[in-house]
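Novice: generate a structure from the sequence data that follows.
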Amino acid sequence: MSAKKARLLMVDDERRLLDACRRNLSRTYAVDVAEGGEEGLKALRENEVYAVVITDMNMPGLSGVEFLEEAHKLNLDSVYMMLTGNADQATAVNAINQGKIFRFLNKPCPVDQMVVAINDAIRQYELVTTEREVLRGTLVGSVKMMVDMMAVAQPITAHRNSEIRRMVKQVVDALKLPNAWQHELAGTLCLVGLMSMQYVKPEDQQKDETLKEAAEIGARLIKHIPRMEGVSQIIGQQRQMCYDMDKVSLDDGAQSIAVGGQVLHIAVDLEEALRRHGNPEDAFKSLQSKSEHYDLRLLRVYAELYLGSQSELTRIERKQVQLWALEPGMVLESPLMAGTKMLFMKGTELTSSVIEQIRQSCGEHPSLVDRMFAVYVETQSKASNTKDSQAA
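Specialist: Predicted coordinates for the structure are as follows:
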């Protein structure tokens with residue numbers, strides 16, 4: 001185990017047992033206790049992810065099985081174990097077979113046996129989360145490379161998509177939404193369907209029927225990629241109306257698809273409104289005129305990020321840098337021209353792939369080697385917790 005104590009949650013209706021577990025285990029683990037299923041769900045909602053959750057089977061209110069059903073909706077990463085003195089083994093075996101719990105412990109359970117079981121559960125948690133992070137990093141990198149390649153063929157749409165991704169990431173960070181990686185990938189790929197619609201005229205790209213068709217195409221293109229099913233669903237729902245969204249909890253992982261669709265819906269429309277009006281005030285007025293289309297809670301978050309003290313959140317520096325000093329995250333202040341050929345349009349965000357393409361172009365256009373590139377660089381104030389703020 002790592003030096004940092006693994007987080008453990010004990011859920012039981014017996015206060016004496018909870019106190020004993022905390023006393024015996026807190027030297028080795030970071031132990032939280034919850035008296036009953038409702039308190040256990042509250043702890044899962046409000047605290048960092050627990051490596052291991054141990055619940056009693058028989059509790060007043062929510063039973064152990066009912067608690068597990070709800071807990072899995074909040075967090076699939078934790079490893080769950082069940083502790084009970086009940087003789088009904090069939091219920092516990094059924095829970096194990098359904099994948100709801102990792103291990104079943106008889107009550108009373110000696111401390112040394114419990115420690116062995118907890119350590120096995122922690123190893124399982126580390127195995128699953130490490131594998132997932134490796135796969136996720138591979139997936140994100142592959143998607144990023146794909147988007148960079150598409151940017152060469154569709155630079156204007158790719159630039160719009162880059163701006164939308166920034167907006168989505170801001171909102172996801174501000175709200176601390178669960179499944180953040182899915183929201184951010186959905187923001188990265190939200191216009192992939194539009195990029196594939198070669199027959200659409202530029203003036204028709206922002207029409208609602210075009211965006212709805214593009215969302216459906218994008219969802220179909222992505223849904224067959226392993227582990228991208230949720231991302232595909234978010235993209236497919238980005239043009240859905242927000243009926244009954246007031247009944248949807250923004251921080252409920254089980255409802256993240258509906259939330260993600262609305263986050264994308266506002267970001268796509270706001271990006272277009274900002275380009276059309278040129279300033280946030282008029283852009284938000286245009287969105288507020290059709291506010292029935294949006295979740296007003298999310299619209300307020302966007303407004304706070306863009307109409308609040310934005311100068312305190314983000315500072316934009318304009319720099320002249322040489323080829324060797326280009327770094328990912330910089331934004332081109334002007335179109336990058338090689339003679340009469342435009343390599344990249346104004347506002348293009350520099351990624352590793354884009355920088356590599358610029359360097360490869362030096363063979364054909366040697367003048368790029370010694371030229372100074374005008375770029376914007378974003379810096380965050382120490383007072384701000386918001387990341388990747390929108391460039392001016």
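
Novice: I figured residue 47 hits residue 32, correct?
Specialist: Yes - the pair residue 47 / residue 32 is scored as a contact, 6.7 Å apart, by C-beta atoms under 8 Å. For every residue, glycine as well, the C-beta is placed using N, CA and C.

Novice: what's the overlap in contacts for those two?
Specialist: When contacts are counted by C-beta atoms under 8 Å, 6 or more residues apart in numbering, residue 47 and residue 32 are jointly contacted by 7, 9.

Novice: burial measure for residue 64, as a count.
Specialist: Using other C-beta atoms under 10 Å, residue 64 has 29 other residues around it.

Novice: for the closest residue to residue 102 other than its chain neighbours, give me its contacts.
Specialist: Leaving aside its chain neighbours, residue 102 sits nearest to residue 79 (4.7 Å; criterion: C-beta to C-beta, 6 or more residues apart in numbering). For residue 79, the contact set (C-beta under 8 Å, 6+ apart) comprises 51, 52, 53, 102, 121, 122, 124, 125, 128.

Novice: list just the nearest of those to residue 297.
Specialist: residue 53 (29.6 Å; C-beta to C-beta).

Novice: show me what the strand or helix carrying the closest one is packed up against.
Specialist: Counting by DSSP states H and E, the element that carries residue 53 is strand 52-56. Under the contact criterion of 3 or more C-beta pairs under 8 Å, 6 or more residues apart in numbering; DSSP states H and E, strand 52-56 touches strand 7-12, helix 37-46, helix 64-74, strand 79-84, helix 111-153.

Novice: give the pairing partners of that strand; include direction for each.
Specialist: strand 7-12 (parallel), strand 79-84 (parallel) (DSSP bridges).

Novice: weakest of those strands by average pLDDT?
Specialist: Of all those, mean pLDDT reaches its minimum on strand 79-84 (a mean of 88).

Novice: show me what contacts the closest residue to residue 114 other than its chain neighbours?
Specialist: Closest residue to residue 114 in three dimensions, ignoring its sequence neighbours and counting by C-beta to C-beta, 6+ apart: residue 105, at 6.7 Å. By C-beta under 8 Å, 6+ apart, the contact list for residue 105 reads 54, 81, 82, 83, 84, 113, 114, 117.

Novice: run through the bridge partners of the nearest residue to the first one once chain neighbours are set aside.
Specialist: Leaving aside its chain neighbours, residue 54 sits nearest to residue 81 (4.8 Å; criterion: C-beta to C-beta, 6+ apart). Judged by DSSP bridges, the bridge partners of residue 81 are residue 54, residue 103.

Novice: around residue 81, count how many other residues there are.
Specialist: The number of residues near residue 81, taken as other C-beta under 10 Å, comes to 21.

Novice: equivalent analysis for residue 177, please.
Specialist: The number of residues packed near residue 177 is 21, by other C-beta under 10 Å.

Novice: low-confidence stretches in the stretch 101-250 of the chain?
Specialist: 131-132, 134-142, 145-154, 200, 202-203, 243 (pLDDT under 70).

Novice: ok, now which ones touch the spatially most central residue of the chain?
Specialist: Nearest to the geometric centre of the chain sits residue 180, at 1.6 Å (C-alpha atoms, centre = their mean). Contacts for residue 180 (C-beta under 8 Å, 6+ apart) come out as 172, 173.

Novice: do residue 318 as well
Specialist: Contact analysis of residue 318 by C-beta under 8 Å, 6+ apart lists 333, 374, 375, 376, 377.

Novice: switch these over to CSV; also include neighbour count.
Specialist: Listed next are these as CSV, based on neighbours: other C-beta atoms under 10 Å:
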residue, neighbour count
333, 16
374, 15
375, 21
376, 17
377, 15
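
Novice: greatest separation within the residues you listed: which pair is it?
Specialist: Comparing all pairs in the contacts of residue 318 by C-beta to C-beta, the longest separation belongs to 374 and 377, at 10.9 Å.

Novice: so what sits against both of these two?
Specialist: 318, 319.

Novice: do you know which of the helices and strands packed on strand 52-56 lies nearest residue 175?
Specialist: helix 37-46 (13.8 Å).

Novice: what is the closest one packed up against?
Specialist: Packing contacts for helix 37-46, counted by 3+ C-beta pairs under 8 Å, 6+ apart, involve strand 7-12, strand 30-35, strand 52-56, helix 64-74.

Novice: show me which positions of the second one end up buried.
Specialist: Under the neighbour-count criterion of 16 or more other C-beta atoms under 10 Å, strand 30-35 has 31, 32, 33, 34 buried.

Novice: quick check, distance from that strand to the centre of its chain.
Specialist: The chain centre lies 28 Å from the centre of strand 30-35; the measure is C-alpha atoms, centre = their mean, to the nearest Å.

Novice: can you name every helix or strand that that strand contacts?
Specialist: strand 7-12, helix 15-25, helix 37-46.

Novice: and among these, the most buried is which?
Specialist: strand 7-12 (a mean of 25; mean count of other C-beta atoms under 10 Å).

Novice: list of residues touching it?
Specialist: The contact list for strand 7-12, computed with C-beta under 8 Å, 6+ apart, reads 18, 21-22, 25, 29-37, 39-40, 43-44, 47-56, 59, 64, 67, 78, 83, 118.
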